[in-house]
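Visitor: Below are the sequence and a predicted model for it; my questions follow.
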Amino acid sequence: MSPRDRTRTRRRWSLKRRAGRDDGGYILVLTTLMLIPLIAFTAFAVDLGAWYAQSSKMQRAVDNAALAGVVWLPDQATATSAATKVLQSNGYTGQIAVSFPSGGQQMKVSITRDGAQYFSQLVTGKPSLTRSATAEFNKPVPLGSPANTAGNIINNVASCPQFQPTQNPGCGPQPMLWQAIQGPYESHANGDAYATFCATGDSGSGCGNAANPTNDDYQPEGYEYVIDVPQSAVGSPITVQIWDAIETQRTTGTGSSGNDCNRAAAPFNGTWPTTSFSQQNCQTGDSGPTDRNGIPMQFQIWDNDGSDLTVNFDTAISGCELYIPRDTAANPTAVSTYKNQWANVCTFTPTKAGAYPMRVKSSNIVRPNGTVIPDSTSATGWNAYSMRATSGASGVRLYSLTNLSIWTNTPGTTARFYLAEIKPEHKGKKIVLDLFDPGDGQSGTYQLQVLAPPQTSPYNTPAVGSPIVPPSYGRTVPFTNVADTCRANTNGSNSRGGGTLTNVSNCQVTTRSGSTQYYQDKWLRFEIQLSANYDCSTDCWWTIKYDFGAGSSPNDRTTWALSVLGDPVHLVE
């Protein structure tokens, strides 16, 4: 090897050694620089897991707090207290926020906490963690009225024979129905599913035996209503009145002063109607034989219990009871006091917003002083009446709760009345409507139709409605204010909820044709599936159009029960 080659070789080795020394320093520096983000990532990974666990615990706490508090609305103070107690039991105090969006049926609970730190404090400050939950409760579905009245209602009611606007335009439109309740020993087949104690009425052989079994559906609490008081009406006196609160006997004579129908006096003195005596000619059409003294009646109002999720009958309002004993035939004063006129239950002043419940009974009566009124086996027939709750403040409502017990007895007309208020929070749920014994009468073809909003409420009588058209009948465009399907057990059932359901065009069913009543002593069920985008804006009242046809003589005593399937208390976010 020449001296020049040896020199070149030494230079190459020298460069290699120098290059090796340079790479080692670079790697050390690079490794050191990489350790910083690796440490930061490790710190964040550990603390991120801790924040996730902390947030999950916070979320469970606010979920439970919102659900516990919302049931106390509209009492916001009690709702806040209930939610706060739940948070405190989970170790959370301070940095708590509570609000009430969407008109008072929702409650939002939020808590804020600093995130726990273990390693991330080397590179950042403590994060702020906030978790919130909004719970909603659905009130019991109001039945029968969007206003402060229930049944045929008008101030000059005494001058309006059956409230026929075509006969007396000054009477104005009416729903053509009365609230009603039967005596405990009236025949169950006459249309009252829940107030009758015996299945076949008083047969003279007692009750609870083979000849006269008990009615399994009997409800000793009678029929229940709600006086719904908005916040704006708190402190304003409310007067509750009953039209024709007494159940008076009827006869076929023309001048009996004890009758609900006195044909010798207006509005029945030969004007409208001019046909022979029938229940259709009566003002309210109370029904019963002439050989007994009627049925007892009790109207009683209870105080608001502080929660509108369920309506409880905890504390009766002192002085808010109207009781009428059954010996009305021997008590002309009672007849002159209550027959075909308004009678006060009481005037009370609400101290808080919400539901003030009322019970109407014809049996199982216990007076406020504890006196028990024995049920008489001769207490048959039924009482028809109307109700109103008046106040100097606006917004007070009066409606039926759970069950709607009515009687329609106006000849040759169409009854149009409010069924139930179904709000948007029920979207995607199913409406279940049960009717007992529809179609009573003497002639005609009766067509009953369920209609969806809008109805231009509130008003005495709904004038319009949206027909329910199932998809199988050709609906292809999206819609928001009606249901997807309507099915019914068109053959009826001996028990509530029985029978086979089939699609019903326009949600319309024939209950009577000529002399044939299709649902005598039977249940008719409708199931209506609400669409997932159901939205009824400001008018959410579903209604009934019950067409009895020209020349008909309806005597339709029915009981309605409605429910919306789904959890009434739930989280919305």
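Guide: In hand now; what should we look at?
Visitor: Next, Thr84: secondary structure please.
Guide: helix (DSSP: H, G, I helix; E, B strand; the rest coil).
Visitor: so who does it touch?
Guide: Ala65, Ile96, Val98 (CB atoms under 8 Å, 6 or more residues apart in numbering). Using the backbone N, CA and C atoms, a C-beta is placed for each residue, glycine as well.
Visitor: got it, and Asn364?
Guide: Contacts of Asn364 by CB under 8 Å, 6+ apart are Pro184, Pro220, Glu221, Gly222, Asp375.
Visitor: Repeat that for Asp314.
Guide: Going by CB under 8 Å, 6+ apart, Asp314 touches Trp302, Asp303, Asp305.
Visitor: can you rerun that using 7 Å?
Guide: Neighbour list for Asp314: Trp302, Asp305 [criterion: CB atoms under 7 Å, 6 or more residues apart in numbering].
Visitor: Can you verify it is assigned to a helix?
Guide: No: assigned with three-state DSSP, Asp314 falls outside any helix and is coil.
Visitor: how far away is it from Pro237?
Guide: 22 Å (CB to CB, to the nearest Å).
Visitor: Quick one: low-confidence residue ranges for the stretch 101-250 of the chain.
Guide: Along the stretch 101-250 of the chain, segments meeting pLDDT under 70 span 102-104, 117-125, 138, 154-173, 201-206, 208, 249-250.
Visitor: got the residue ranges for the helices in it?
Guide: Assigned by DSSP state H, counting those that start in this stretch, the stretch 101-250 of the chain shows no helices.
Visitor: Report the secondary structure state of Asp63.
Guide: helix.
Visitor: For the residue lying closest to it once chain neighbours are set aside, give its distance to Thr310.
Guide: Of all residues not flanking Asp63 in the chain, Ala133 sits nearest, at 4.6 Å (CB to CB, 6 or more residues apart in numbering). Noted for Ala133: a distance of 22 Å to Thr310, by CB to CB.
Visitor: the more surrounded of the two?
Guide: Neighbours were counted for Ala133 and for Thr310 using other CB atoms under 10 Å; Ala133 has more, 24 against 12.
Visitor: So the more buried one is in contact with Asn64, correct?
Guide: No: in this structure Ala133 lies outside contact range of Asn64 using CB atoms under 7 Å: 8.4 Å.
Visitor: which residues touch Tyr356?
Guide: Here Tyr356 is in contact with Ile227, Val229, Ile301, Trp302, Asp303, Asn304, Pro350 (CB under 7 Å, 6+ apart).
Visitor: if I look at the residue nearest to Asp63, how far off is Gln88?
Guide: When Ala133 is compared with Gln88 (using CB to CB), they lie 16 Å apart.
Visitor: and what of Trp243?
Guide: 51 Å.
Visitor: who has more neighbours, the two?
Guide: Neighbours were counted for Trp243 and for Gln88 using other CB under 10 Å; Trp243 has more, 26 against 13.
Visitor: The more buried one contacts Trp342, correct?
Guide: Yes: with contact defined as CB under 7 Å, Trp243 reaches Trp342; the gap is 5.6 Å.
Visitor: what do the two both touch?
Guide: With CB under 7 Å, 6+ apart, Trp243 and Trp342 have no common neighbours.
Visitor: re the thing from before, of the contacts of Tyr356, just say which sits nearest to Ala389.
Guide: Ile227 (5.0 Å; CB to CB).
Visitor: how deep is the closest one tucked in, by neighbour count?
Guide: Ile227, neighbours per other CB under 10 Å, totals 25.
Visitor: Wait, it touches Leu398, no?
Guide: Yes: applying CB under 7 Å, one finds Ile227 in contact with Leu398, separated by 5.5 Å.
Visitor: Helices of the chain, residue ranges please.
Guide: 3-70, 76-89, 332-338 (DSSP state H).
Visitor: Rounded mean pLDDT for the shortest one, please.
Guide: For helix 332-338, the mean pLDDT works out to 78.
Visitor: cool, and stretch 67-83?
Guide: 83.
Visitor: Can I get it in CSV, CA atoms only?
Guide: Provided in CSV are the C-alpha atoms of stretch 67-83 (Å, rounded to 0.1, in the frame of the first residue of the first chain):
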residue,chain,number,x,y,z
LEU,A,67,-85.4,12.5,38.4
ALA,A,68,-85.9,13.0,42.1
GLY,A,69,-86.7,16.7,41.8
VAL,A,70,-88.8,16.9,38.7
VAL,A,71,-91.7,14.9,40.2
TRP,A,72,-92.3,17.8,42.7
LEU,A,73,-93.0,20.4,40.0
PRO,A,74,-94.6,22.9,39.7
ASP,A,75,-93.3,23.5,43.2
GLN,A,76,-89.9,24.6,42.2
ALA,A,77,-88.6,25.2,45.8
THR,A,78,-89.5,21.6,46.8
ALA,A,79,-88.1,20.2,43.5
THR,A,80,-84.8,22.1,44.1
SER,A,81,-84.6,20.8,47.7
ALA,A,82,-85.2,17.2,46.7
ALA,A,83,-82.5,17.4,44.0
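Visitor: how far is that stretch from where the chain is centred?
Guide: Distance of stretch 67-83 from the chain centroid (CA atoms, centre = their mean, to the nearest Å) equals 20 Å.
Visitor: do the same with stretch 544-556
Guide: Centre-to-centre, stretch 544-556 and its host chain are 27 Å apart (CA atoms, centre = their mean).
Visitor: ok, and what's touching that stretch?
Guide: Stretch 544-556 has contacts (CB under 7 Å, 6+ apart) with 278-280, 407-409, 411-417, 419, 438-451, 465.
Visitor: swap the cut-off to 6 Å and go again
Guide: Stretch 544-556 is contacted by residues 279-280, 408-409, 411-412, 414-417, 419, 440-449, 451 when judged by CB atoms under 6 Å, 6 or more residues apart in numbering.
Visitor: Filter these down to just the buried residues.
Guide: 279-280, 408-409, 411-412, 415-417, 419, 440-441, 443-449, 451 (16 or more other CB atoms under 10 Å).
Visitor: does Tyr534 really touch Lys427, like I thought?
Guide: Yes: counting by CB atoms under 6 Å, Lys427 is a contact partner of Tyr534 at 3.8 Å.
Visitor: Same drill for those two, tell me which one is more crowded.
Guide: Tyr534 (24 against 16).
Visitor: In contact with the more buried one: list those residues for me.
Guide: For Tyr534, the contacting residues are Lys427, by CB under 6 Å, 6+ apart.
Visitor: Tell me who's in contact with the residue nearest to the spatial centre of the chain.
Guide: Nearest to the mean C-alpha position of the chain, by CA atoms, centre = their mean, lies Val141 at 0.6 Å. Contact partners of Val141, counting by CB under 6 Å, 6+ apart, are Ala420, Val564.
Visitor: so how far is Gly370 from it?
Guide: Distance, Val141 to Gly370, using CB to CB: 33 Å.
Visitor: can you list the weak-confidence ranges in the stretch 451-573 of the chain?
Guide: In the stretch 451-573 of the chain, residues with pLDDT under 70: 455-460, 469-484, 567-568.
Visitor: where along it do the strands fall?
Guide: Assigned by DSSP state E, counting those that start in this stretch, the strands in the stretch 451-573 of the chain fall at 483-488, 502-503, 508-513, 516-517, 523-530, 541-547, 556-565, 569-571.
Visitor: by contact count, what packs against the last one?
Guide: Looking back up the chat, that one is strand 569-571. Contacts defined by 3 or more CB pairs under 6 Å, 6 or more residues apart in numbering; DSSP states H and E place strand 569-571 against strand 128-137.
Visitor: in the strand it packs on, what counts as buried?
Guide: Counting neighbours by 16+ other CB under 10 Å, the buried set in strand 128-137 is Leu129, Arg131, Ser132, Ala133, Thr134, Ala135, Glu136, Phe137.
Visitor: so Gln95 sits right up against Val109, yeah?
Guide: No: in this structure Gln95 lies outside contact range of Val109 using CB under 6 Å: 11.8 Å.
Visitor: Pick out whichever of these two has more residues nearby.
Guide: Val109 (29 against 12).
Visitor: Quick check: beta-bridge partners of the more buried one?
Guide: Bridge pairing for Val109 (DSSP bridges) gives the partners Val98, Ala133.
Visitor: right, and it touches Val62 too?
Guide: Yes: shown here, Val109 and Val62 form a contact pair, counting by CB under 6 Å, at 4.7 Å.
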